[in-house]
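[1] Okay, predicted coordinates and the sequence, questions at the end:
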Amino acid sequence: MTAAPQPVPFLKGHGTENDFVIIPDPEGRLELSAETVAWLCDRRAGIGADGVLRVVRSAADPAAREQAAGAEWFMDYRNADGSIAEMCGNGARVFAHYLRRAGLVKDAEFAVATRAGLRRVRFTGAAAGGGGDAGDGGEIVVDMGRAGLPAGPEPSVTVTVGSLSLPARHVDMGNPHAVAFVDRLEDAGRLLDPPGLAPAEAYPAGANVEFAVDRGPRHLALRVHERGSGETRSCGTGACAVAVAAARRDGLDPAADGRPAEYLVDVPGGRLRVTEAPDGTVTLAGPAVIVAEGTVHLPA
C-alpha cells in the first residue's frame, strides 16, 4: 500500500521578490530530498519559489551542530532545483523575519547559522518592534561576512551570453559570483540558462552570475542568474558581490582608506543597500515579507 502524502506546515515569504517556501522543522525530523524541494518550488505543480528555507535548530542538524553555541537556529537553504546552497542574503532576512514572527527569537539582533558560517541579523526602525512585516517600516540588516576577491586589480573570469563575451570579476560571498558590468541590462539577454564561465576550473560547482549597470553615483542596478534557480527577481549575495566589485572598480577599498563604501542596488523586485566597512564586513539591508501560510502535502 502506498503511504498517504505527508501534511507539513509551510509559509511563503519574499525579500525584494526573491521568494521562498519556509518549512518549520525545529527538531530536524524531515528528510527533504532534492526532488521534493524541486516540487515545492515548481510554480505550476507545487507552491512556487526560488528556494526553500528549512527552519531547524542548529543542534538538531549535523550540518550546523558546530555552530549551535553561537546560534540556536540553522537556515538550511536549498535552491529551486533541490541543490544545496551555502548562503542566501534575501533568504536570511526572510528566515530571521519568520523567527521573530513565530516568537522563536525575541531580540532585535541575533545570529543565524548557515553553511557559510554564523551570520548576524539586526532589525531596525519599526521592524525592530517585532510587529508586522519588515517592509516600509524598517529594514533587516544582515552581516554577510567578508568578500573574497582574487589577487590583482583586473577581472579574472569571462562570462558569455549568446554571442557576447564579457570580462567579469570573481567575488565570493560565502557562495561564488561572477560580476560583469554592461551598458544595458538588456545585454544579458534571456537568463533562463546558465551563462558560460571561463576558465571552467574557476567555478567547479557553478556560480551566480550578475550583470550590472550604473544608475548614478554609488547607485547600481542588476540582473542575475542564480545557480540552481535561473533568473530571479533579486539576489542578496549578488547585490553584495556587485557592490564590492563596483567599489574596487571605482577605486574604493574601505580596508585601505578607512572609510565605508555604501551602494544602493536596484533589483527587479525592489532596492537593497550594501555597505562594506573598513574591517571588511559587508552588510545587506532590505525588507522581508511573509505573504501566506498553510499546509502542504509532501509527496510520499
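    Done, it's in. Numbers count the residues shown, from 1 in each chain.
[2] residue ranges of the helices in this protein, please?
    Using DSSP state H, the helices of the chain run over residues 34-41, 89-101, 236-249, 254-257.
[3] Quick check: buried residues in the last one?
    Applying a neighbour-count criterion of 16 or more other Cβ atoms under 10 Å, the buried positions in helix 254-257 are P254. Where you see a C-beta, it was placed from the backbone N, CA and C, and this is true even at glycine.
[4] picking up where we left off before, dump the helices of the chain into JSON lines; add distance to D61 as well.
    Compiled in JSON lines, the helices of the chain are given as follows (distance: least, Cβ to Cβ, whole Å):
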{"stretch": "helix 34-41", "distance to D61": "15"}
{"stretch": "helix 89-101", "distance to D61": "14"}
{"stretch": "helix 236-249", "distance to D61": "21"}
{"stretch": "helix 254-257", "distance to D61": "34"}
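[5] Rebuild these as CSV, extending it with distance to A168 and mean pLDDT.
    Compiled in CSV, the helices of the chain are given as follows (distance: least, Cβ to Cβ, whole Å; pLDDT from 0 to 100):
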stretch, distance to A168, mean pLDDT
helix 34-41, 27, 97
helix 89-101, 19, 97
helix 236-249, 8, 97
helix 254-257, 22, 94
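[6] My read is that L32 contacts V52, right?
    Yes - at 6.9 Å, L32 counts as touching V52 under the criterion of Cβ atoms under 8 Å.
[7] if you count what's nearby, which of those two comes out ahead?
    Looking at L32 and V52 with other Cβ atoms under 10 Å, you find the greater number of neighbours at V52, namely 24 against 17.
[8] Who is the more buried one paired with across the strands?
    V52 forms beta bridges with V21, R78, as assigned by DSSP bridges.
[9] show me what contacts it?
    Applying Cβ atoms under 8 Å, 6 or more residues apart in numbering to V52 gives the contacts 20-23, 32, 37, 40-41, 77-78.
[10] try 10 Å
    Shown in contact with V52 (Cβ atoms under 10 Å, 6 or more residues apart in numbering): 10, 20-23, 32, 36-38, 40-41, 76-80, 82, 91.
[11] Okay, the residue nearest the centre of the chain and S234: tell me how far apart.
    If you average the C-alpha coordinates of the chain and look for the closest C-alpha using Cα atoms, centre = their mean, you land on C88, 2.4 Å from that point. With distances taken as Cβ to Cβ, to the nearest Å, C88 is found 10 Å from S234.
[12] So for these two, which residues contact both of them?
    15, 18, 50, 226.
[13] Determine the number of other residues adjacent to the third one.
    What that stands for is D50. Neighbours of D50 using other Cβ under 10 Å come to 26.
[14] Looks like it contacts A38 (just checking).
    No - using Cβ atoms under 10 Å as the test, D50 is too far from A38 to be in contact (12.0 Å).
[15] anything in contact with each of the two?
    Contact criterion Cβ under 10 Å, 6+ apart; residues bridging D50 and A38 by contacting each: 79-80, 228.
[16] out of these, which is most surrounded?
    Counting by other Cβ under 10 Å, A80 has the largest number of neighbours within the shared contacts of D50 and A38, with 25 neighbours.
[17] what's that one in contact with, if anything?
    Shown in contact with A80 (Cβ under 10 Å, 6+ apart): 19-21, 37-38, 40-43, 46, 48-52, 226, 228-230, 232.
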